[in-house]
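**Student:** all I have is the shape, not the residue letters:
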């Protein structure tokens, strides 16, 4: 019984960490998008003058959304199941 409680608490802690990770990824991606005068909620943007910023904007949009969603889904699943 004691090991089951520890497993549940550990799973929930991991779930919370995953949710915090989702928030951090979203914030970092939003900052990069804002630097290029766009946002995470806009699928189009004006190409910036810097090739590096353009690459960062492309890397942080869809991959940023996918990673954010995966981390959030995993976090919620861990919080609900606790395993």
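**Tutor:** Yes, it's here. Please read all numbers here as calculations on a predicted model, not as lab measurements.
**Student:** in the strand or helix carrying residue 70, what counts as buried?
**Tutor:** For residue 70, the host element (DSSP states H and E) is helix 62-81. Within helix 62-81, the residues that count as buried by 16 or more other Cβ atoms under 10 Å are 64, 67, 68, 71, 72, 74, 75, 78, 79. For every residue, glycine as well, the C-beta is placed using N, CA and C.
**Student:** any idea which of these is closest to residue 32?
**Tutor:** Using Cβ to Cβ, residue 64 comes nearest to residue 32 of those, at 8.0 Å.
**Student:** which ones are touching residue 14?
**Tutor:** Residues in contact with residue 14 (Cβ atoms under 8 Å, 6 or more residues apart in numbering) are residue 78.
**Student:** pLDDT score assigned to it?
**Tutor:** pLDDT for residue 14: 95.
**Student:** specify the angle between whichever strand or helix holds it and helix 62-81 in degrees.
**Tutor:** Per DSSP H and E: residue 14 is located in helix 2-35. Counting by axes from the mean of the first three to the mean of the last three Cα atoms, to 10 degrees, helix 2-35 lies at 160 degrees to helix 62-81.
**Student:** residue numbering should commence at 774 henceforth.
**Tutor:** All set: I'll call the first residue 774, so the last point we hit is now helix 775-808.
**Student:** so how far is residue 823 from residue 836?
**Tutor:** 19 Å (Cβ to Cβ, to the nearest Å).
**Student:** ok, back up a step: mind listing what's buried in the helix holding residue 787?
**Tutor:** Result for helix 775-808 [16+ other Cβ under 10 Å]: buried residues 784-785, 787-788, 791-792, 794-795, 798-799, 802-803, 805-806.
**Student:** do the same with stretch 827-836
**Tutor:** Buried positions in stretch 827-836, judged by neighbour count with 16+ other Cβ under 10 Å: 829, 830, 833, 834.
**Student:** biggest separation within the residues you listed, which pair?
**Tutor:** Largest pairwise distance in these, by Cβ to Cβ, is 9.7 Å, between 829 and 834.
**Student:** apart from its neighbours in sequence, what residue is nearest residue 845?
**Tutor:** residue 795 (4.1 Å; Cβ to Cβ, 6 or more residues apart in numbering).
**Student:** hang on, I meant residue 838
**Tutor:** residue 813 (7.0 Å).
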